[in-house]
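Peer 1: sequence below, structure please.
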Amino acid sequence: MRKKWLSTLLVVFALFIVVLTNSGNLPRSIKNLYNFPNGDKLGHFLLMGLLSLVLNWTALVSRVDKKPASVVWAVSLTLTFFVTLEELSQKFFPRRTFSLLDLLFSYAGIALFAWLAYFFYARRARV
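Peer 2: The predicted structure follows:
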């Protein structure tokens, strides 16, 4: 149950960051975290990767009746869909800019951290 709360909290946090950014109200302290060359790319990779890890892990331990690979694919493809929609939506916000490179870094984070969730879940199941 605790993992579900963590997943929910992380999703709410990610949505909060998106809303603040879209409205131009992202605090300077958060902006400064990525204030170096390609810092936003690292942000996309880590934020979407962490979200992928937590969501996949939560789904894996919650859906033990399903094949782990199927769970990871379903969660990851769903997350990829919503991340794609969010990046595309930036075309409609004057303070935002669509970036294919940002999207690719998000995809890379989702894929790598989904694999990590699967790897550690499978390793835990063997022990």
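Peer 1: contact partners of the lowest-mean-pLDDT helix or strand in the chain?
Peer 2: Counting by mean pLDDT, DSSP states H and E, the weakest-scoring helix or strand in the chain turns out to be helix 28-33, with a mean of 78. Contact with helix 28-33 is made by Ile17, Leu20, Gly39, Gly43, as judged by Cβ atoms under 8 Å, 6 or more residues apart in numbering. To be clear about C-beta, it is placed using only N, CA and C from the backbone, and glycine gets the same treatment.
Peer 1: try it again with 10 Å
Peer 2: By Cβ atoms under 10 Å, 6 or more residues apart in numbering, the list of residues contacting helix 28-33 from outside reads Ile17, Leu20, Thr21, Asn35, Gly39, Asp40, Leu42, Gly43.
Peer 1: among those, name the buried ones.
Peer 2: Listed as buried from the contacts of helix 28-33 are Thr21, Asp40, Gly43; burial here means 16 or more other Cβ atoms under 10 Å.
Peer 1: which strands and helices sit next to the top helix by length along the chain?
Peer 2: Secondary structure of the chain per DSSP state H: the longest helix is helix 100-126. Packing contacts for helix 100-126, counted by 3 or more Cβ pairs under 10 Å, 6 or more residues apart in numbering; DSSP states H and E, involve helix 39-62, helix 68-89.
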